[in-house]
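Q: Predicted model, plus sequence, below.
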Amino acid sequence: MNFLKPRAESRHSDPSPAKKAGSGFQGKPFRLAWALWFLVAIHVVVLLAGFIAPYSFDTQDRLYPYAPPTHLHFVDCQGKFHLRPFVYVTKLAGDNLTEYTQDCSQTARMEFFLRGDGYTLLGAFHSNLHLFGVEAPASMFLLGTDGFGRDQLSRLLYGGQVSLFAGFIAAALSVLAGLLLGAIAGMYGGRVDDVAMRFAEIFITVPWFYLLIAVRAFLPLQISPITAFLLVISVIGIVGWGRPARLVRGVILSARERNFVLAARGFGASNAYLLRRHLMPLTFRVLLTQMTVLIPQFILAEVIVSFLGLGIGEPFPSWGNMLASAQQYHVLVSYWWMLLPGLAPVPVFLAYHSLAEKLQERIKSHI
Amino acid sequence: MVCMARSALFCLLALLPSIALAQGAAPEELLRTTCEPGNRGGTLVIAQRSEPRTFNPIMAIDQNSQGVNARMMADLVHINRATQKTEPALAKSWTISKDGTQITVKLRRGLRFSDGAPFDADDVLFSFKVYLDEKVRSPQRDLLIIGGKPMAVQKLDAYTVRFTFPAPYAPAERVFDSVAILPRHLLKKDYEEGKISQSWGLNTPPEKIAGLGAFRLKQVVPGERIVLERNPYYWKIDSKGQRLPYLDDLAFVAVPSQDGQVMRFEAGESQIISSLSADNFTALESEQKKRHFQLYDIGPGLEYNFLMFNLNDDTKGRYPEIERKQKWFRDVRFRQAISTAIDRQGIVRLIYHNRATALATHENPGDKQWVNAAIPAPMHSLSKARELLKTAGFSWKSDGTLVDSTGQPVEFSILVSSSNSQRTQIATLVQDDLKQIGIAAHVVTMEARSVNDRVLNSHDYEAIVMGMVKGDADPTPDNNLLMSNGATHLWNMGEKTPATPWEAEIDRLMQKQMVTLNYPQRKKIYDQVQEILAQQLPMVYLVSPNILVGAQQDLGNFRPAIIEQYTFWNAEELFWHTPAGKH
């Protein structure tokens, strides 16, 4: 957790309050551990989705539309216990695609480290090795399938890549833009401050959802769904710079009159130097807290945008577009497992919110 | 007192026809229906996607407006939605000249508009004058123009009208269906002032709107509901001599989503439901007994879904990327390969739960009268698709990506409206099918109006999954789509001359079938059109969904049909078996 404990500058024998502020988390028991570990774990899991998921996100098994979650068995139909879990082969019972039957005569053992659909890990490593699964022609859908026979678990994991990182990218863009413009406004004051803050207010009041609809309609059709999605996320992020900018401006405004800043200025430090060396580091805690608040907000924004069909396009999954099918009456009443993507963001939001809360507490106690 | 006043008013209204008779007006020539005699009273609530845009039948183009207006208006000759045959309506009878260029129509005598004003040939003349007036821009005008020339309308006497076509016209009296007869006494002034297209908006007081339909406007609650009440002057009676309609009121409520409509229907808040998706049909099936409703699968309808490539000529210079890809799209072997790669049975099974039919052309195999049965069912074969692509100069890279003769990867977007979940799912299945032959198709969902604008106006799209509904089983209404100068010649809009020899041939054949009166000959000509379409695939025809509808069990005379409006086309005959108060 290096980012929580910035190293003291070696060139300065007398660290500025900015550096003291940066070391504010030292020496206390780390009560945020669970939230942090959970977030790290879930991000690692979704990054390794290709390996962990038994299938690719777009693999359609048209023989299994809306298949319910596959049951893992240890005891077979004859009552015999098996050490390794296994699944029974299931088949559609009729034409209405709602009933499946288990064939007790055909079983498939759960295998580990087996070969399957190809994938690219972290954008660099190509592989087809999967953590677990069953050998074809049997299938194992632990969270069921959607209407095209695509494995919901695999799509949930791949969808996490889109939803979680969309939140992260958008929040990072917001905070960076907010830091830059807020710092300039706070540092230079006067007309620069007025203009920057009026713009911030305009951006805060922009109805981002309608803006997104307009942006999506004007994007050329030829660009790939991922590019279109990144553009949409960038718009969400950039529109959100207003609040972080106001917070940064407030910190800079109060800090620029403090003695160590005035002293540095007295020694001939330029505005740019003061900002970089003394003032911006003071905003670190505020920005960190803002990140933890903004990331879940932007994850939710992605989920909403995709839920309404304006996010990433098929066949790429996100938690929002997976949940979109729950808008349909028949899905709501017939296929409960299609609602699971709606639950996926909940622990993530809880973890981010408790992180934000604890950081807030620490900032207050520091002040 | 209020009650007594209302009763007196009701009695007065009921007596009006006999008062008129006593005053010497022509006796009413009523139409006796063969429907099951029913009980008077009750309300039927129908959910529609949105409220109607207008009550003006001249300008109504959306289904919601047409659905409401058709209940308030009547036509001379009507196509029975159940039998698909023509039957008399305001026209008591008609005769067609031997050369097929003239239809002489005898009107019913003694009929009255819903405001009590009498109806005669002058209303018919006025109506057709309005529809044929180019300045009015009525969508019905296209149907009344034959071979580029308008039909002539002549009054022979107060109840006889002669229609003269510039050339023999095969659909003959079918042309009169859904051409509403307008009340001259109410609309003449607006027409003369050039304001008729703005007449009868949603804010027009109900008493200023009148028609010859089974119902008349009672109440408009903007954004919420439109209530129609029974027209006491309606001209149909049942076998017992009871004047139709049976229902007191017909209420149309706006429910934007189909899922919302399903929930309302299940809760009993609306009593009939049209255009159910196969998914919802399956979900509702188990509830039928408990909730006292009945679902009906009435078989393949006149709707067809297709994948269409942008073949418009005006993309040159405006959209270089589309123009580059049109070299592929214009190659018939490419279109055939795409068609062969698509698993239509997968679409039928997964999206429509086997309640749809795979299509080779826009004609549904269920339409025995017009379908060309010799055209084989569409084939699904990836190897055949690869073979076709190879002969068209395409090849594959080592990673399986399809590239054209210049080495460019074959990649295009498929536009689809976000409001239609079945078509969005079709696009996703097609995308996966095309991936199997190395084509990267990107599905782009967009709001319906943006999609329509791109297809009809800007032509800024590469491929699209969309659907169309034929207005009639007869081939002639397809002229708009199939003929190169047609208003909805979707794949290449605004062609001045046919862009290809096969389009020129379709133009010739469609013109010929329109003036060929002999059915077998006409069918033979139309068979050729279908052969060309199946071969050239200007649209890659996919599936035609079955018409799935539902109604409360105690609704009498419910006879769903495959032509719109599927469930309430015979609203005047519908009645409640249970006592009127219940509904």
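A: That came through fine.
Q: How about the residues of the stretch 151-300 of chain A by chain B?
A: Proximity of the stretch 151-300 of chain A to chain B (CB under 8 Å from any CB of the partner chain) is limited to residues A:213, A:216-217, A:220-222, A:224-225, A:228. (C-beta placed from N, C-alpha, C; glycine too.)
Q: could you flag which of these are buried?
A: For these, a neighbour count by 16 or more other CB atoms under 10 Å in any protein chain shown gives the buried set as A:213, A:216, A:221-222, A:225, A:228.
Q: ok, back up a step: got TSV for the residues of the stretch 151-300 of chain A next to chain B, with pLDDT and distance to residue B:494 too?
A: As requested, those are exported to TSV (pLDDT from 0 to 100; distance: CB to CB, whole Å):
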residue	pLDDT	distance to residue B:494
A:213	74	29
A:216	71	28
A:217	70	24
A:220	74	23
A:221	70	21
A:222	67	23
A:224	75	31
A:225	75	31
A:228	76	30
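Q: Dump these into TSV; add secondary structure and distance to residue A:262 as well.
A: Listed next are those as TSV, based on DSSP: H, G, I helix; E, B strand; the rest coil; distance: CB to CB, whole Å:
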residue	secondary structure	distance to residue A:262
A:213	helix	49
A:216	helix	49
A:217	helix	52
A:220	coil	53
A:221	coil	57
A:222	coil	56
A:224	coil	53
A:225	helix	53
A:228	helix	50
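Q: And the helix ranked longest in chain A, what's buried?
A: Secondary structure of chain A per DSSP state H: the longest helix is helix A:152-188. Residues of helix A:152-188 classed as buried by neighbour count (16+ other CB under 10 Å): A:152-171, A:173-175, A:177-187.
Q: which residues are contacting whatever helix or strand comes next after it?
A: Downstream of helix A:152-188, the next assigned helix or strand under DSSP states H and E is helix A:190-205. Residues outside helix A:190-205 that contact it (CB atoms under 8 Å, 6 or more residues apart in numbering or on different chains): A:181-182, A:184-186, A:239-243, A:245-246, A:249.
Q: one more time with 6 Å, if that's ok
A: Helix A:190-205 is contacted by residues A:181, A:185, A:239, A:242, A:245-246 when judged by CB atoms under 6 Å, 6 or more residues apart in numbering or on different chains.
Q: Could you list which residues are in contact with residue B:121?
A: B:155, B:158, B:161.
Q: which residue packs closest to it, ignoring adjacent ones?
A: Nearest non-adjacent residue to residue B:121, counting by CB to CB, 6 or more residues apart in numbering or on different chains: residue B:155, 4.7 Å away.
Q: so how far is residue B:179 from residue B:162?
A: Separation of residue B:162 from residue B:179 (CB to CB, to the nearest Å): 16 Å.
Q: Show me which residues of chain B are close to chain A?
A: With CB under 6 Å from any CB of the partner chain as the criterion, chain B meets chain A at residues B:259, B:262, B:279-280, B:282-283, B:321, B:346, B:350, B:353-354, B:413, B:418, B:428, B:432, B:442-445, B:450.
Q: Now do the helices in the stretch 101-250 of chain B.
A: With helices called from DSSP state H, counting those that start in this stretch, the stretch 101-250 of chain B shows them at B:121-132, B:184-192.
Q: Where does pLDDT dip in chain B?
A: By pLDDT under 70, the low-scoring segments of chain B are B:1-26, B:579-583.
Q: how is it carved up into domains?
A: Split into domains by automatic domain parsing, chain B comes to B:24-254+B:553-582, B:303-545.
Q: So which residue of chain B lies furthest out from the middle?
A: Centroid-distance maximum for chain B: residue B:398 at 48.2 Å, with CA atoms, centre = their mean.
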